[in-house]
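Undergrad: Okay, predicted coordinates and the sequence, questions at the end:
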Amino acid sequence: MTQVDSSRMANAIRGLAMDAVEKAKSGHPGLPMGTADIATVLFTQFLKFDPNEPGWPDRDRFVLSAGHGSMLLYALLYLTGYPNMTMDQLKHFRQLDSLTPGHPENFHTKGIETTTGPLGQGISTAVGMALAEKMLAAEFGKKIVDHHTYVLASDGDLMEGVSQEAIAMAGHWRLNKLIVLFDDNGISIDGPTSLADSVDQVKRFKAAGWAAERIDGQDQSAIAAAIARAKKSNKPTLIACRTTIGYGAPHKAGTAKVHGEALGADELKGAKENLGISLEPFSVPDEVLKAWREAGSRGASTRKEWEARFGELGSRKRAEFERRLRHERPAALAKALKAHKKALLETPLNVATRKSSEAAIEAIAAAMPMEFVAGSADLTGSNNNKAKSAVAFSAKTPKGRFIHYGIREHGMAAAMNGIYLHGGFAPNGATFLVFTDYARPAMRLAALMRAGVIYVMTHDSIGLGEDGPTHQPVEHLAALRAMPNMRVFRPCDAIEVAECWELALNRIDGPTVLALTRQNLPQLRTAAPNENPCQYGAYELVPAGGEAKVSLFASGSEVEIAVAARKKLAERGIAARVVSVPSLELLLAQPAERRAEIIGKAPVKLAIEAAVRWGWDAVIGQDGEFIGMHSFGASAPAKDLFKHFRITAEAAVNAALKRLS
């Protein structure tokens with residue numbers, strides 16, 4: 001091994017970070033400069049990884065929760081030898097199409113485990129990764145699954161409310177392979193953190209069931225000793241590393257000035273002189289780079305040893321592990337859902353879609369019992385997403401596949417991102433649709449990262465009744481549909497529920513919301529073709545029986561209303577068709593020809609949905625009729641509310657007749 005002073009290795013990180021931010025005239029140099037010693041110790045002495053196989057299943061995970069300090073991570077990827085992270089990429093920091101965007105993007109750059117930047121998300125996602133490791137190790141054994149999840153977190157990460165949800169869960173579950181390195185530099189954008197915060201983070205974490213200690217974050221020996229202690233702990237560990245933001249900068253070190261802007265030529269020169277770094281931009285001494293590359297290459301032998309152990313597994317277990325890491329669903333799933341739909345046709349299920357979802361889950365859990373991981377934010381009995389066979393996950397029952405997240409919607413959504421990104425599981429989590437407001441930041445990241453998580457969101461409209469407007473989602477469907485790459489399904493009956501579950505589970509390029517009712521609905525479907533009609537977002541449920549004068553579009557519980565309106569129009573001699581629209585945005589994503597065929601040519605187009613109109617004009621036109629919500633809801637029985645807000649078959653008929661007159 002090349003013998004190089006470890007402080008010079010840390011300074012290589014500092015130099016690259018300073019130069020990249022200076023060249024871009026944009027970025028955050030302070031964190032990489034302050035935490036370079038932490039990163040050097042972690043990556044050279046502890047982290048298990050192989051740059052040539054960045055997706056190796058048993059690698060340690062490193063999450064830069066403080067994503068604004070992204071140049072720390074990019075410098076590490078370059079120094080340790082990730083093939084795609086070249087010096088040219090560092091020189092194009094924050095430029096279009098580079099592999100070095102402003103915040104780390106896991107879908108864009110190899111070696112990055114999760115997208116971070118919105119503070120609090122990284123540490124919360126990491127909890128899901130550590131949880132997945134614990135569950136997978138319990139199933140496949142520690143010879144195959146035995147790795148740590150390391151997080152570098154900032155003051156801002158720990159101020160965000162979601163961090164409390166996350167650390168409480170991690171402590172409760174005793175995720176002892178989760179180690180958080182806290183960059184305790186006492187500085188935020190506004191200035192000293194003491195302006196807004198006086199929390200003792202060590203005491204806070206200890207209260208949540210963690211091991212926690214304070215060290216000097218610029219003392220590499222102290223850092224190494226603390227990590228070694230953490231690896232032996234039976235609890236998750238916080239290491240509060242006292243650092244100086246912008247370490248080495250002659251005037252800006254330890255101030256907010258070095259947090260989020262380039263140092264400037266004079267300060268950069270002074271910092272390099274203080275640290276003994278070459279003034280030449282983007283230069284790393286040959287012996288330092290060699291030492292870093294040797295540190296990066298040491299994981300190859302560990303990976304090969306793992307591959308040998310993996311090869312000793314039985315062929316069936318090996319294939320199962322590999323399939324699940326690919327997020328490929330078992331053949332048994334399609335067979336189970338086909339049988340389930342056949343049973344529904346023979347014995348219709350006239351229940352709330354949350355209950356028909358429960359029936360679908362029984363079929364799903366039987367087909368994929370170990371990878372189907374469900375959970376609820378303290379609404380299990382209302383969400384109905386716990387299979388009868390499911391055992392609750394706990395520190396003592398790591399093979400449990402139902403997770404009680406507590407009243408932590410945001411933490412649940414972030415943890416599910418981590419579970420999915422880790423691999424091996426198909427996670428779904430549940431709460432009321434209105435509470436997607438609490439979970440939205442993590443849901444948005446799931447959409448951005450193309451993470452195939454599933455949100456089982458029940459009580460989807462004023463149909464939930466007496467709980468009133470605080471719990472009745474009105475704008476939520478529109479808000480979720482507006483999110484790029486978020487797919488929203490609002491099925492109308494038990495058959496559509498099964499079809500939407502199948503589409504959601506087989507989607508591995510983005511998240512899916514299943515919006516489900518509290519109130520009972522009739523089973524409207526009388527057939528379940530091999531080709532899933534919900535895949536097109538909409539389909540003709542009931543034909544006009546002639547040339548249609550009216551097209552009635554509806555989703556979820558309002559499809560029943562559309563069917564009733566069609567019948568009333570038929571009694572008046574007016575031909576109308578009903579189009580079920582389980583996914584409005586999926587319909588609008590269809591090729592123009594298919595979309596036009598589904599929408600049809602009826603002169604009157606009318607949409608019915610117990611939500612706001614936003615989005616429906618793309619189907620019915622700006623002059624189309626809309627029967628729905630124009631305000632918040634109210635507290636009353638569901639049937640009274642639908643009448644009060646005029647979301648009825650009679651209202652739909654009157655609107656159609658008015659347009660036809």
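TA: Nice, I can see it.

Undergrad: So what's the residue count around the nearest residue to residue 4 once chain neighbours are set aside?
TA: Ranked by Cβ to Cβ, 6 or more residues apart in numbering and with sequence neighbours excluded, the top spatial neighbour of residue 4 is residue 291, at 4.1 Å. Where C-beta positions appear, they are placed from N, C-alpha and C, glycine not excepted. Counted by other Cβ atoms under 10 Å, the residues lying close to residue 291 total 22.

Undergrad: Provide a list of residues in contact with residue 291.
TA: 1-4, 9 (Cβ atoms under 8 Å, 6 or more residues apart in numbering).

Undergrad: Those in helices, which ones?
TA: Judged by DSSP state H, those include residue 9 as members of helices.

Undergrad: which of the contacts of residue 291 has the most neighbours?
TA: residue 9 (24 neighbours).

Undergrad: surely that one meets residue 292?
TA: Yes: between residue 9 and residue 292 there is a contact under Cβ atoms under 8 Å: 6.2 Å.

Undergrad: tell me, what's touching these two both at once?
TA: 44, 79.

Undergrad: what comes up buried for stretch 217-226?
TA: Residues of stretch 217-226 classed as buried by neighbour count (16 or more other Cβ atoms under 10 Å): 217-218, 220, 222-224, 226.

Undergrad: Report the mean per-residue pLDDT for stretch 241-253.
TA: The average pLDDT within stretch 241-253 is 98.

Undergrad: what's in contact with it?
TA: Contacts of stretch 241-253 (Cβ under 8 Å, 6+ apart): 11, 14, 29-31, 33-38, 181-187, 214-218, 223, 254-255, 257-259, 263, 267, 270-272, 274-275.

Undergrad: Endpoint to endpoint, that stretch covers what distance?
TA: 16 Å (Cα to Cα, to the nearest Å).

Undergrad: so what's residue 541 closest to, chain neighbours aside?
TA: residue 580 (4.3 Å).

Undergrad: close enough to count as contact, residue 295 and residue 80?
TA: Yes: here residue 295 reaches residue 80: they are 6.2 Å apart, a contact under Cβ under 8 Å.

Undergrad: joint contacts of these two?
TA: Joint contacts of residue 295 and residue 80 (Cβ under 8 Å, 6+ apart) are residue 43.

Undergrad: Can you list the low-confidence ranges for this protein?
TA: By pLDDT under 70, the low-scoring segments of the chain are 1.

Undergrad: how close does residue 39 get to residue 253?
TA: Going from residue 39 to residue 253 by Cβ to Cβ, to the nearest Å gives 18 Å.

Undergrad: These two: which has the busier surroundings?
TA: Set side by side, residue 39 and residue 253 show more neighbours around residue 39, with 25 against 21, by other Cβ under 10 Å.

Undergrad: The more buried one: what's it in contact with?
TA: 10, 13, 32, 72, 76, 152.

Undergrad: any idea which element it lies in?
TA: Residue 39 belongs to helix 30-41 when assigned by DSSP states H and E.

Undergrad: Just the residues contacting the helix or strand following that helix, thanks.
TA: Where DSSP H and E defines the elements, the next helix or strand beyond helix 30-41 is strand 61-64. Taking contacts as Cβ under 8 Å, 6+ apart, the residues outside strand 61-64 that touch it are 42-43, 47, 49, 70, 72-73, 104, 113-114, 116, 122-123, 125-126, 129, 147-152, 422.
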